[in-house]
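Student: compute the structure for the input listed below.
(chains A, B and C)
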Amino acid sequence: MGKKRREPLEIGHNLSFSFDDEQHLFIEPDAILRCAGKTMAFDVETAGLHWWRDRQIMMGIYCPRAEGGHLEGCIITDTPARWEAVRDNLYKISSVPGTVALAHNIKFDANFQALELWRMPWQIYDTAHMAHLDDSRQSKRLGDVEKVYLGTDSKRTHLGALGGDRRHMSNVRLATAAVYCINDCRVTYELARALTPVVNKHGLWSVLLEDMRYTGLLQRMERDGVPMDLEYIEHSRAFMKKRQDEKQSELWNLSNGGKSWNWRSPQLMSRILYDKMGVARPINPYADADGVDRSRFADRGMYNKTMTNSFILMEKAKHPLGPLVAELRETDKMLDVLELWTYLMDGNLLHTSLNQSRTRTHRLSAGEPNVQNMPSDVRGRAHTQVYSGDFTRQDEFKLRLAIKAPPGYLFDSTDYKQQEMRMFAILAKEPFMMESLRARRDIHADIAEAVWGVRDPVHREWSKTIAFGLIYGMTAGSLEHRLNTTREEAFRIADQYRAKFPRVMPFLKETIAYCKQYGYLKYWNGKLWRENEESYMYKGANALVQGGSAELLKVAGLRCQALLEGEFAGAGRLVIPVHDEWVFLLKEEVLPELAPRIAKVMECEDIFNLPFATEVKVAERYGALVKWEDWQKGERKVANWLGDSYEKQEEEPAEESNEEVEEIWEGLKG
DNA sequence: GCGACAAGCGCG
DNA sequence: AAAGCGCGCTTGTCGC
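Tutor: Just a heads-up that it's a prediction; the model follows:
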């Protein structure tokens, strides 16, 4: 069960050097002052990856034009005094005009050295991000980027000299680590030199400067952290553990006569749920006559070898244990989340890692923990496939309830309404959508009515689910299976879409044609999406929309930050971005004035001459958000998970299905 | 024992 | 092409 997590190692190296000729590798904290007004690269070596609890060992500096001549060397930061001296000196030079700081993944180094980049006036350049701006597809590891832009492979040369456990600097002789560290600084410096004309050539210099300001904002959110309610986490964990035990026994009883088996293995589950229980496997529509799927997408879709994902189990196989399996897996997944949160917790704070240079489309990604995929309070019955009416999870499963504002503060979540639809409409100049959005009508409901002739919530949700599928090239065959409908109906729906949106197909065609000609696409702000393989260029339209939306969210976030540093200084802070949403912590008393201002700023009407409509929700807990208008009327979602709320809420839906299962089981025994 | 891959599922 | 797109995290499996 519990994942093996590596503990940070003790720093056991010997601080006295055996060879005099190694002394030149090391410099004192005051040497940093020689970099004032100059361009310098820095890099830290650490005994772990978590800045809020792991130790920093050394900082390397590389500054060829330092005052008094070329400077390179490592500063040992093993004592608080030395570490603080480094920090103080970096702050000093950061306010000297002309100082430029270079680093590869600068947030990592800055976090360990407690440099708050957002309030340091020097200009920073992150070489990983510069490489990302040139080609978002490539690996951003220092060694890889060095090979691409400098044509050298010094990383490997030095790695070979390390010996021992190379993953941790603490296991390496100090002098060896210093050589390695200084080399990284030198490579970073040379990379910045090589990448500057590249970024400039793409016309992306001002975007780079904006992105570097964004780096500061992201770092600030990481450091401030997400405030968590440890009491909720403990309660929820205990509840789910108990629930998991119950469900597991139930599964074993109903599938294997009470004998245990590892339901986490899809292979085993496939054999037991289908072969042993004698339930027919769904027919793979892409398989040959002998039942074998020989298409190149055989292992990609829902109809894989095991056919045990919840959608297939419930909607296709109609397996009587489908709901039970789904619930067991959901509980298991959420217990994993709680375990990770607990492992990463810093007091009551979670410091996520927001990665600016990882995704193909220039979206952000988040990890340790991923704050962009936390279970919300509602979910579809069959996960992300067919919408069949959603329901609210019970409190113990609404993990967002664990995120709790400090006293006097409230969470403000401002998100875009149909952000990607809006972006698509603008980029494709799609008249029906533009009109619907400009008139502030509900576009998904409009589409539902046009296609199905029904405006109810279920059809609206269907529309949401498949809209982008159709826009980005989903075929009628795939649609047929997604909607669990007939081939004819799928074709009819697809045709309705194309008729309703005359610009959809031309936009796709034009996008592909552009990409064929240039090998890349350009976002509304100039960022590149490269693709050379013709068969993948259909993905470009999605990239323009998804990535373009991410760029809008970035601009909106920076503008909100300016608001919170200026007119509303001290009123609150940004907490996390979630693709089409900014989450804020705001002082309760300024919220009535501030929330509408934020909502307005985020609309960014000046950029496209069309507002990106926003919606404000408010709550003490992220998992209990209420529309701002309703909040003002006194509406609250009460998180009454303490005490006996579970017993009160528990429903009894299991009776019928259990009988059904018992019958099957009785039949099997006989 | 480790890395790579598959499967599964959480989010937008 | 019987292709919606983009992520992160965990477990199981298999080969080295």
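
Student: from here on, contacts and neighbour counts on C-alpha atoms
Tutor: Will do.

Student: wait, residue A:237 sits on residue A:336?
Tutor: No: using CA atoms under 8 Å, residue A:237 is not in contact with residue A:336, being 9.7 Å away.

Student: more neighbours: which of the two?
Tutor: residue A:237 (21 against 16; other CA atoms under 10 Å).

Student: quickly find the element holding that one.
Tutor: Under the criterion of DSSP states H and E, residue A:237 resides in helix A:230-256.

Student: just checking, next helix/strand downstream of that helix?
Tutor: Next along the chain after helix A:230-256, with elements defined by DSSP H and E, is helix A:266-270.

Student: and that next one, anywhere near DNA strand B?
Tutor: Yes: residues of helix A:266-270 contacting DNA strand B under CA under 7 Å from any atom of the strand: residue A:266.

Student: quick one: list the elements packing against the helix or strand just after that helix.
Tutor: Under the assignment DSSP H and E, the closest C-terminal helix or strand after helix A:266-270 is helix A:310-311. Where contact means 3 or more CA pairs under 8 Å, 6 or more residues apart in numbering; DSSP states H and E, helix A:310-311 is packed against helix A:322-344.

Student: export the helix it packs on as PDB, just CAs?
Tutor: Extracted C-alpha coordinates of helix A:322-344, given in PDB (Å, rounded to 0.1, in the frame of the first residue of the first chain):
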ATOM      1  CA  GLY A 322     -19.400  -2.200 -11.600                       C
ATOM      2  CA  PRO A 323     -20.600   0.300  -9.100                       C
ATOM      3  CA  LEU A 324     -18.900  -1.500  -6.200                       C
ATOM      4  CA  VAL A 325     -15.600  -1.600  -8.100                       C
ATOM      5  CA  ALA A 326     -15.900   2.100  -9.000                       C
ATOM      6  CA  GLU A 327     -16.500   3.100  -5.400                       C
ATOM      7  CA  LEU A 328     -13.600   0.900  -4.200                       C
ATOM      8  CA  ARG A 329     -11.200   2.500  -6.700                       C
ATOM      9  CA  GLU A 330     -12.400   6.000  -5.900                       C
ATOM     10  CA  THR A 331     -11.800   5.500  -2.200                       C
ATOM     11  CA  ASP A 332      -8.400   4.000  -2.900                       C
ATOM     12  CA  LYS A 333      -7.500   6.900  -5.100                       C
ATOM     13  CA  MET A 334      -8.500   9.500  -2.500                       C
ATOM     14  CA  LEU A 335      -6.700   7.700   0.300                       C
ATOM     15  CA  ASP A 336      -3.600   8.000  -1.900                       C
ATOM     16  CA  VAL A 337      -4.200  11.700  -2.200                       C
ATOM     17  CA  LEU A 338      -4.500  12.100   1.500                       C
ATOM     18  CA  GLU A 339      -1.300  10.100   2.100                       C
ATOM     19  CA  LEU A 340       0.600  12.300  -0.300                       C
ATOM     20  CA  TRP A 341      -0.800  15.500   1.300                       C
ATOM     21  CA  THR A 342       0.300  14.200   4.700                       C
ATOM     22  CA  TYR A 343       3.700  13.300   3.500                       C
ATOM     23  CA  LEU A 344       4.200  16.800   2.000                       C
END
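
Student: for it, which positions count as buried?
Tutor: For helix A:322-344, the neighbour count (16 or more other CA atoms under 10 Å) marks A:322-332, A:334-342, A:344 as buried.

Student: which residues of chain A score low on pLDDT?
Tutor: Residue ranges of chain A with pLDDT under 70: A:1-4, A:6-21, A:155-172, A:289-301, A:379-391, A:465, A:639-670.

Student: near DNA strand B, which residues of it are found?
Tutor: Close to DNA strand B, as judged by CA under 7 Å from any atom of the strand, chain A has residues A:266, A:299-300, A:302, A:304-311, A:326, A:329-330, A:333, A:372-379, A:383-384, A:546, A:578-581.

Student: list the contacts of the residue of chain A found nearest DNA strand B.
Tutor: Ranked by CA to the nearest atom of the strand, the top residue of chain A for proximity to DNA strand B is residue A:373, at 3.1 Å. With contacts defined as CA atoms under 8 Å, 6 or more residues apart in numbering, residue A:373 has no neighbours.

Student: does it count as helix, strand or coil?
Tutor: Following DSSP: H, G, I helix; E, B strand; the rest coil, residue A:373 is assigned to coil.

Student: kindly report the same for residue A:561.
Tutor: helix.

Student: for it, what are its contacts?
Tutor: Residue A:561 touches A:217, A:573-574, counting by CA under 8 Å, 6+ apart.
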